[in-house]
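1. What shape does this take:
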Amino acid sequence: MRDETNLSDEELAQIRHLIPGPEPTLVPIAERMKGGRAGRTLPVADTLLAGNELRYLTACVETNWISSAGSFVKQFESQFAAAMGCEFGVACSSGTAALHLALAALGVGPDDEVIIPTFTMIATANAVAYTGATPVLVDSEPINWNMDPALVAARITPRTRGIVVMHTYGNPVDMDAIGRLTDARDLWMLEDAAEAHGARYQGRAVGSLGIAACFSFYANKIVTTGEGGMVTTNDEKLARVVRRLRDHAFSDERHFWHKCLGFNYRMTNLQAAVGVAQTERLADLVETRRVNARRYGERLRSIRGLTLPVETPGTTNVFWMYGVLVEEAFGCSRDELRERLARRGIETRTFFIPIHLQPIYYRAHRGQPYPVAEALCQKGMYLPSGATLSEADVDYVAESLARAQRGSA
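-> So this is what the prediction gives:
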């Protein structure tokens, strides 16, 4: 059995002030609003299955095509890739699998380094580690919370193979700045677009801006298949390698004949059927989040001590999650605010704990300064943001934040 990495008391003492407290207990809303349902809570993200999901799933069952060989897989790959501005899509079992497949197809291995943001979900670093390569971390920009392009050049070494950019919470990275670096140093750029379905940068779809992009279709994502992922690319050779690696690297010459190490990262026809139905409604799912982000902005901008998310000129932020920073001027800590909101039936989530603070990576990066990522970790949380969120729900959250600031929640 593999051992866990436990930090010593001395190590924990160095970072304890940055680590979020335990999850608060949600108290169901007894009588939230006129027409509301007693006992309801407001989750961070609800899945909306309001299109052809059931019809397509029924077709899978009625035709007995439930494995990865069904027709919905290819249909989903084609439709989603096209929506992301790409010619090729390779569906797989998760967003993490998509990252691993893309890195493996690019030939990343034990002697290599891959630059990633430290402020990201653990999967970004783990996918690099799966290949045996070393994740090299970069701090964030304080305004849009993405990897800071000004800090990347100093992290490039002769062992660097490429850069994984992550569009944080659906907000596109400054791709031109990163692109100038990769072009000058002959590196590839891979997009971690797990949270950015439908986002755009300078008129171009996120997912088509690097050598490849990796998407997640987990239940809380803008497009969901329950679990699932996809690699999108305009590079035909890379797509072919990713497709082969996804399926045990079976040889074209004969069955059960394998010339390289492959993986079982396939997506089922059932999952793809849901993905097709979701992709048909992508524009509506994105617009719902953008409308609710505007509503939040209108209602929260007057509340002292909250820093709201931005949309950089020339980009389309899809606001996968609506995140805020709880500053000292708010009057209570982020964790106390979460407790107050939970007592009103409102679920929240803290921002990512940066990679350099994670027990499994801490010792490799100890002593390296990442002040912006640490501030985001300490102050950040996201509010209910899913596609089922109504204007009345946004009003209730905004009212609850104001009450919490007054200490009356």
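2. Next one: Ala392 relative to Ala13, how far apart?
-> 45 Å (C-beta to C-beta, to the nearest Å). For every residue, glycine as well, the C-beta is placed using N, CA and C.
3. Could I get the contacting residues of His356?
-> For His356, the contacting residues are Thr118, Leu137, Tyr362, His365, Arg366, Gln368, Tyr370, Ala373, by C-beta atoms under 8 Å, 6 or more residues apart in numbering.
4. Now list the buried members of these.
-> Thr118, Leu137, Tyr362, His365, Tyr370, Ala373 (16 or more other C-beta atoms under 10 Å).
5. Quickly check the residues you listed for the two that are furthest apart.
-> Tyr362 and Ala373 (13.4 Å; C-beta to C-beta).
6. Around the spatially closest residue to Val372 that is not a sequence neighbour, how many other residues sit close by?
-> In space, and not counting its chain neighbours, Val372 is closest to Ser140: 4.5 Å by C-beta to C-beta, 6 or more residues apart in numbering. Using other C-beta atoms under 10 Å, Ser140 has 25 other residues around it.
7. was I right about Ser140 contacting Thr120?
-> No. With contacts counted by C-beta atoms under 8 Å, Ser140 stays clear of Thr120, the gap being 9.2 Å.
8. Show me whatever sits in contact with both of these two.
-> Thr168.
9. Can you give the contact residues for the longest strand seen in the chain?
-> The longest strand of the chain (DSSP state E) is strand 160-166. Around strand 160-166, the neighbours that count as contacts under C-beta under 8 Å, 6+ apart are 99, 106-108, 112-117, 120-121, 124, 128, 133, 136, 146-147, 152, 173, 175, 178, 181-182, 185, 187-192, 194, 210-211.
10. in its sheet, what does it sit against?
-> Taking DSSP bridges as the criterion, strand 160-166 sits next to strand 113-117 (parallel), strand 188-192 (parallel) in its sheet.
11. And the very next helix or strand once past it, what does it pack against?
-> Using DSSP states H and E, the helix or strand that directly follows strand 160-166 along the chain is helix 175-185. Other elements packing on helix 175-185 under the criterion 3 or more C-beta pairs under 8 Å, 6 or more residues apart in numbering; DSSP states H and E are strand 160-166, strand 188-192.
12. Report the inter-axis angle for the longest one versus helix 175-185.
-> Going back to what we said before, that points to strand 160-166. Here strand 160-166 runs at an angle of 170 degrees relative to helix 175-185 (axes from the mean of the first three to the mean of the last three C-alpha atoms, to 10 degrees).
13. Narrow the contacts of His356 to those in helices?
-> In this view, these that belong to helices under DSSP state H are Tyr362, His365, Ala373.
14. Show me the helices in the protein, by range?
-> Counting by DSSP H, the helices of the chain are 9-15, 53-63, 71-83, 95-105, 122-130, 175-185, 236-246, 269-280, 282-300, 334-342, 359-365, 371-379, 391-406.
15. if we look at stretch 277-290, which residues are touching it?
-> 48-53, 55-56, 76, 79-80, 83, 170, 197-198, 217, 222-225, 316-320, 322, 385, 387, 389.
16. Show me which of these are buried.
-> Counted by 16+ other C-beta under 10 Å, the contacts of stretch 277-290 give 48-49, 51-53, 56, 76, 79-80, 83, 170, 197-198, 217, 222-225, 316-320, 322, 385, 387, 389 as buried.
17. The residue lying closest to Ala59 once chain neighbours are set aside: how many residues sit nearby?
-> In space, and not counting its chain neighbours, Ala59 is closest to Ala273: 7.0 Å by C-beta to C-beta, 6+ apart. Neighbourhood size, Ala273 [other C-beta under 10 Å]: 29.
18. Number of residues surrounding Pro28?
-> Pro28 has 12 nearby residues by other C-beta under 10 Å.
19. cool, and Gly107?
-> Counted with other C-beta under 10 Å, Gly107 comes out at 10.
20. Quick one: end-to-end length of stretch 117-133, please.
-> By C-alpha to C-alpha, to the nearest Å, the extent of stretch 117-133 from end to end equals 15 Å.
21. quick revisit: need the buried ones among the contacts of His356 in JSON lines (columns: pLDDT and distance to Pro43).
-> Formatted as JSON lines, the buried ones among the contacts of His356 follow (pLDDT from 0 to 100; distance: C-beta to C-beta, whole Å):
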{"residue": "Thr118", "pLDDT": "98", "distance to Pro43": "28"}
{"residue": "Leu137", "pLDDT": "98", "distance to Pro43": "31"}
{"residue": "Tyr362", "pLDDT": "97", "distance to Pro43": "31"}
{"residue": "His365", "pLDDT": "95", "distance to Pro43": "33"}
{"residue": "Tyr370", "pLDDT": "98", "distance to Pro43": "30"}
{"residue": "Ala373", "pLDDT": "98", "distance to Pro43": "26"}
